[in-house]
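Trainee: What would the 3D arrangement of this be:
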Amino acid sequence: MAPAPRAALVAALTLLTLTAAPQAVADDGPSAPPGTVSTSPPPSVDPTSPGLKLADGATLAPAKVLDIKSVVEDLGGEERREDTNESVTFALQAEVLFPKDSAKLNPQARSRIDAIAEEIEKQNATSVRVFGFTDDLGSYAHGLVLSRQRAEAVHDRLASTLGGNVTFEVRGYSEDYPIADNSTKEGRRKNRRVEVSFPRGDLSS
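Mentor: This is a model prediction of the structure:
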């Protein structure tokens, strides 16, 4: 087989560099907001294809990939699963995992975290984010400590189940990135959560 042209080889190496999975980073470094993902490049479309049936003088808009999202809430909103083309995210309310103002896991929390570990294995994910969040009651500094400790507790359980083949990023965000209105009791309850997210695997192979 003839060697690949230099331009094609450089392009392939550049693509590999851009799409490589990020390594875990220190907690004091910058981090993308939770749920941030990069999508695949848009498909190429032949604007001269007769099957498009464009009107005279019409042109195609630039192609783009639409990120399909599915959100499912279970147990009255205590558990939330969000699926996109690129990733899976589980959000568990703090009340179902921990006693009030505590980072010690409830006994019943372990089975829920183990179910997430099973999904991580199913998706063949080797990179997992575990992020903790609080509501806006109390001080921001206290929220940072508590949200980080809760994320670490969930991480410890996941790590003990998954073994050493998974890289974790563990962070506490206090009241940042709320998913509901902090002015209501129900909204604050949803914002007190731990999110576990990981890339979606290729399940066809």
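Trainee: Where does pLDDT dip in this structure?
Mentor: Filtered on pLDDT under 70, the chain yields the residue ranges 1-55, 60, 63-68, 73-77, 202-205.
Trainee: what are the ranges of the helices in it?
Mentor: 6-19, 94-97, 109-122, 140-162, 185-191 (DSSP state H).
Trainee: With mean neighbour count and distance to Ser197 added, can I get the ones you listed in a markdown table?
Mentor: Where C-beta positions appear, they are placed from N, C-alpha and C, glycine not excepted. As requested, those are arranged in a markdown table below (neighbours: other CB atoms under 10 Å; distance: least, CB to CB, whole Å):
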| stretch | mean neighbour count | distance to Ser197 |
| --- | --- | --- |
| helix 6-19 | 10 | 18 |
| helix 94-97 | 20 | 16 |
| helix 109-122 | 16 | 10 |
| helix 140-162 | 19 | 12 |
| helix 185-191 | 16 | 17 |
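Trainee: Out of the ones you listed, which is closest to Glu169?
Mentor: Judged by CB to CB, the one of these that comes nearest to Glu169 is helix 140-162, at 9.2 Å.
Trainee: Could you list every helix and strand that the closest one packs against?
Mentor: helix 94-97, helix 109-122, strand 127-133, strand 167-172, strand 193-199 (3 or more CB pairs under 8 Å, 6 or more residues apart in numbering; DSSP states H and E).
Trainee: Right, I'll leave it there.
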